[in-house]
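In: Kindly return the folded structure for what I paste below:
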Amino acid sequence: MTPAPPRTRPLAEHDRPEFDPIPEWSGVTTSLIHGARRPERNAGAVVPPIYQTSTFQYPEAFSDAGPGGKVYHYTRVGNPSHEVPAELVRRLEGAEGARVFASGMGAISATLLTFLSAGDEVVALEDLYGGTIEILTDLLPRLGIRVRWVRADAAGEPEKVIGSATRAVVLESPTNPLLRVIDLKRWTEAADRAGALTIVDNTFATPVNQRPLALRADLVVHSGTKYMGGHADLMAGLVAGPERLLERIDATHRVVGAVLDPFAAFLLARGLRTLGLRMARHNENGRAVSAAAEGHRNVVHVNYPGSGSDEDERVAARQMTGRGGIVSIEVRGGLAGAERFLRNLEIIEVAPSLGGVESLASLPVQTSHRYLAPSERAARGIGDGLVRLSLGIEEPEDLVRDVRQALDGL
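Out: Numbers count the residues shown, from 1 in each chain. This is a model prediction of the structure:
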């Protein structure tokens, strides 16, 4: 009797699953909707199913996986539900491959732990997400890894801070929460000359507005919880880049165990399909609210990508196609003024995080950067009166009206 075929489709180690081709000229949204089709695997389903299982049955003969291959056997190692959002992000970033994680912190942690060892040096901007700062400040030094911090006023000359001992460079652009724009190409070129990896957090921009790999970054990380998911209903992280680097991260990922749940992977893929449409409105709302806040009597300063200086604008115009939906404003009255501004808001909700369809407001001193000492926040330019606004996809006139009335009431 002929043996029954394997119950799971063999997947060669590290091979990217085959997806139905779509035309190379396809636009962003077309690619997001059709870029991960493989109905022959899913009983013809247009929407890929959720493989909500922790384990898989082996084929009758393990050799059926092919030379050096493997089959699905345990979700911590791999699950078909992970492959759809990974393929969509791979296409978006123009990468050889992409991987999904349980959170953005899981993605950046696994990446740093993969490529750094005792005695290595990391060069990092001071303007980073608070969780990333915690890793660089608390975890890596305990492993014997040195971190050299770069202040904002030195960010324009990476050649002076990246040296022969530098193993990796960690960047964000735009930065969180001050929205500074970093010249990624200049940084990646300086890192290349020193033989260092460049890791760019592209969460705020998304690949719709900016593609760091095209600017010679080595790896791009995302908090998929934000714009990629887009609906404030999941936690996820992503890394995109060349397979030779991703394969090394895979080994760390399996051990660290920051594995994306299959249902969250399904939600992430669903959210990604509308990313292009959502980002167009996020971009529009960011422009509208930043312009409305600029010059208001109760606003000390407005932070918006490209607004810091003429050079910032030149860099933003060169490397970004849109500026995103994040605006941060320093309101008069310090922490008391900022808290009153939040209480005055009627449409915009007060909550941490960003990138969803709903607009959110938060205070970095109480959320993303609360773990930093006041002196450290002050050194980074994060004042007690700083409010970060994540503009959703509501009508821009409604958001402008809400921000203005909240400012008027201070």
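In: List the contacts of the worst-scoring helix or strand of the chain on mean pLDDT.
Out: The weakest-scoring helix or strand in the chain, judged by mean pLDDT, DSSP states H and E, is helix 374-379 (a mean of 84). Residues from elsewhere that reach helix 374-379 (C-beta atoms under 8 Å, 6 or more residues apart in numbering): 126, 151, 364-365, 369, 383. C-beta: built from backbone N, CA, C; applies to glycine.
In: Mind doing that once more with 10 Å?
Out: Residues outside helix 374-379 that contact it (C-beta atoms under 10 Å, 6 or more residues apart in numbering): 126, 130, 133, 137, 149, 151-152, 364-365, 369-373, 382-384, 386.
In: Could you tell me which residues within it count as buried?
Out: The neighbour-count check on helix 374-379 (16 or more other C-beta atoms under 10 Å) flags R377 as buried.
In: how far does that helix sit from the chain's center?
Out: In terms of C-alpha atoms, centre = their mean, to the nearest Å, the centre of helix 374-379 is set 25 Å apart from its chain centre.
In: Alpha carbons of that helix, as CSV, please.
Out: Below are the C-alpha coordinates for helix 374-379, written out as CSV (Å, rounded to 0.1, in the frame of the first residue of the first chain):
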residue,chain,number,x,y,z
PRO,A,374,13.7,63.1,35.8
SER,A,375,17.2,64.2,35.1
GLU,A,376,17.6,61.7,32.2
ARG,A,377,14.3,62.8,30.7
ALA,A,378,15.3,66.4,30.9
ALA,A,379,18.6,65.6,29.2
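In: going on from it, what's the next piece of helix or strand?
Out: Toward the C-terminus, helix 374-379 is succeeded by strand 386-390 as the next helix or strand (DSSP states H and E).
In: Identify each buried residue in that following strand, please.
Out: Going by neighbour count (16+ other C-beta under 10 Å), the buried part of strand 386-390 is 386-390.
In: Just put those in CSV and tack on distance to A265 and pLDDT.
Out: Output for these, formatted as CSV (distance: C-beta to C-beta, whole Å; pLDDT from 0 to 100):
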residue, distance to A265, pLDDT
L386, 34, 96
V387, 33, 97
R388, 28, 97
L389, 29, 98
S390, 23, 98
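In: Name the single longest helix found in the chain.
Out: Across the chain, the longest stretch assigned as helix under DSSP state H is helix 275-293.
In: that older thread, of the buried residues of strand 386-390, which is the nearest to L360?
Out: S390 (4.6 Å; C-beta to C-beta).
In: check contacts around the spatially closest residue to the closest one that is not a sequence neighbour.
Out: In this structure, S390 finds its nearest non-sequential neighbour in L354, 3.5 Å apart by C-beta to C-beta, 6 or more residues apart in numbering. With contacts defined as C-beta under 10 Å, 6+ apart, the neighbours of L354 are 176-177, 203-204, 223, 225-227, 232, 282, 324-326, 360, 362, 368, 388-392.
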